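A.B. asks: Structure here, sequence nowhere to be found:
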């Protein structure tokens with residue numbers, strides 16, 4: 001699956017910053033919306049035409065642009081007129097810190113169970129506190145790395161210096177795991193699925209997020225553009241609210257062969273069974289939850305603050321901002337929930 005392709009958005013934030021801070025001339029009625037290969041109700045609503053119909057009624061046409069990797073999205077965003085796009089939580093933080101005038105207006109997904117800490121059989125690790133003195137593989141400056149450190153410091157009260165944390169890409173994690181070089185790893189599918197063949201989950205980003213701050217993928221908009229196009233933003237967010245309500249109310253109907261899941265497959269590839277598996281690992285807040293203190297009403301801002309501390313410690317940004325609240329806008333979700 002490609003739904004975790006935002007791991008290194010921090011590195012592309014400078015390009016994104018150039019996009020959002022520039023004074024691009026947007027076409028009067030055409031809106032370019034960039035999306036990624038992340039499963040969810042958002043993609044289904046693109047596939048079935050709901051967004052296009054709502055935009056047309058509001059006097060706009062959407063030009064959908066799909067990006068298959070972080071490199072592709074950074075290049076395309078830098079050269080195109082893209083007022084709305086998908087960025088992960090660490091990437092949003094990095095872009096905002098570097099002066100991008102953006103606003104996060106919808107949480108696409110809570111990464112939840114799709115990233116997990118797995119202990120290898122025979123490692124002697126039964127719980128996170130047992131990681132002391134153990135070798136743990138994780139891709140550095142990723143959302144998994146962020147939650148591993150947050151879990152150690154804030155949730156399990158373990159000094160990260162007592163754990164041998166190794167910087168490894170997912171394929172390297174699998175190889176080291178099979179050699180017995182590492183005792184545990186924090187990673188996402190498909191590597192996660194491979195590790196579970198002879199390992200067990202001892203924590204995941206859903207539980208760590210609930211105890212601290214969540215990691216997520218989100219939709220951001222150029223703040224000025226959004227302010228000048230309220231009709232579009234309102235119509236767009238109402239479709240999001242309807243799509244998320246449909247999924248959360250009728251989740252059992254989203255089977256591998258269903259129109260909803262096949263719409264996802266048509267747009268981003270893969271197969272129905274894989275898409276359903278990916279959907280089950282993520283969680284999708286409804287409009288009321290989006291607007292609440294859990295997310296856009298406060299939680300997302302807290303997550304950006306913690307992400308900024310992490311990025312500064314990893315030397316991905318010079319220093320954190322004093323306030324990230326201006327980069328989160330709950331008003332559209334709130335209106336859509338009423």
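C.D. replies: Everything's here; your move. The structure presented is a predicted model; accordingly, all values stated were derived computationally and were not measured.
A.B. asks: So this protein: which segments form each domain?
C.D. replies: Listed domain ranges for the chain are 9-111+215-337, 114-211 (source: automatic domain parsing).
A.B. asks: any idea which of those domains scores lowest on pLDDT?
C.D. replies: Here the domains of the chain differ in mean pLDDT, and the lowest is domain 9-111+215-337 at a mean of 86.
A.B. asks: where's that one relative to the chain centroid, distance-wise?
C.D. replies: Relative to its chain's centre, domain 9-111+215-337 lies at 8 Å (CA atoms, centre = their mean, to the nearest Å).
A.B. asks: do stretch 167-179 as well
C.D. replies: Between the centre of stretch 167-179 and the centre of its host chain there is 23 Å, according to CA atoms, centre = their mean.
A.B. asks: May I have the phi/psi pair for the nearest residue to residue 154 once chain neighbours are set aside?
C.D. replies: With CB to CB, 6 or more residues apart in numbering as the criterion, residue 154 has its nearest non-adjacent residue at 5.0 Å, and that residue is residue 212. In short, each C-beta sits where N, CA and C put it, glycine included. Here is the backbone geometry of residue 212 (degrees, to the nearest 10): phi -140, psi -100.
A.B. asks: Residue 212 is in contact with residue 148, isn't it?
C.D. replies: No. Residue 212 sits out of contact with residue 148 when judged by CB atoms under 8 Å, with a separation of 11.7 Å.
A.B. asks: Neighbour count for these two, which is higher?
C.D. replies: Each of residue 212 and residue 148 has its neighbours counted (other CB atoms under 10 Å); residue 148 has more, 27 against 17.
A.B. asks: what's near enough to touch the closest residue to that one other than its chain neighbours?
C.D. replies: Closest residue to residue 148 apart from its sequence neighbours, by CB to CB, 6+ apart: residue 186 at 4.5 Å. When contacts are counted by CB atoms under 8 Å, 6 or more residues apart in numbering, residue 186 is found next to 115, 116, 117, 118, 136, 137, 138, 144, 145, 147, 148.
A.B. asks: now, which of these lie within helices?
C.D. replies: Judged by DSSP state H, the subset of the contacts of residue 186 located in helices is 144, 145, 147, 148.
A.B. asks: residue nearest the centroid of the chain?
C.D. replies: Relative to the mean C-alpha position of the chain, the nearest C-alpha, by CA atoms, centre = their mean, is the one of residue 217, at 2.1 Å.
A.B. asks: and that one, what does it touch?
C.D. replies: By CB under 8 Å, 6+ apart, the neighbours of residue 217 are 6, 36, 38, 86, 87, 88, 89, 107, 108, 109, 111.
A.B. asks: Determine the number of other residues adjacent to the last one.
C.D. replies: Which is residue 111. 27.
A.B. asks: From residue 117, how far off is it?
C.D. replies: With distances defined as CB to CB, to the nearest Å, the gap from residue 111 to residue 117 amounts to 13 Å.
A.B. asks: so residue 239 touches residue 48, yeah?
C.D. replies: No. With contacts counted by CB under 8 Å, residue 239 stays clear of residue 48, the gap being 10.1 Å.
A.B. asks: More neighbours: those two, which one.
C.D. replies: Counted by other CB under 10 Å, residue 239 and residue 48 do not tie: residue 239 has more neighbours, with 20 against 14.
A.B. asks: What residues does the more buried one make contact with?
C.D. replies: The neighbours of residue 239, taking CB under 8 Å, 6+ apart as the test, are 45, 50, 51, 54.
A.B. asks: and what of residue 253?
C.D. replies: Listed by CB under 8 Å, 6+ apart, the contact set of residue 253 reads residue 260.
A.B. asks: Not counting its neighbours along the chain, what's nearest the residue nearest to the centre of the chain?
C.D. replies: Leaving aside its chain neighbours, residue 217 sits nearest to residue 108 (4.3 Å; criterion: CB to CB, 6+ apart).
A.B. asks: The one you found looks like it's in a helix, true?
C.D. replies: No. If the criterion is DSSP: H, G, I helix; E, B strand; the rest coil, then residue 108 is strand and not within a helix.
A.B. asks: Surely it and residue 218 touch.
C.D. replies: Yes. With the criterion set as CB under 8 Å, residue 108 and residue 218 qualify as a contacting pair; they are 5.6 Å apart.
A.B. asks: Those two: who's more crowded?
C.D. replies: Relative neighbour count places residue 108 above the other of residue 108 and residue 218, with 26 against 23, counting by other CB under 10 Å.
A.B. asks: how much space between that one and residue 45?
C.D. replies: The separation that residue 108 has from residue 45, given CB to CB, amounts to 12 Å.
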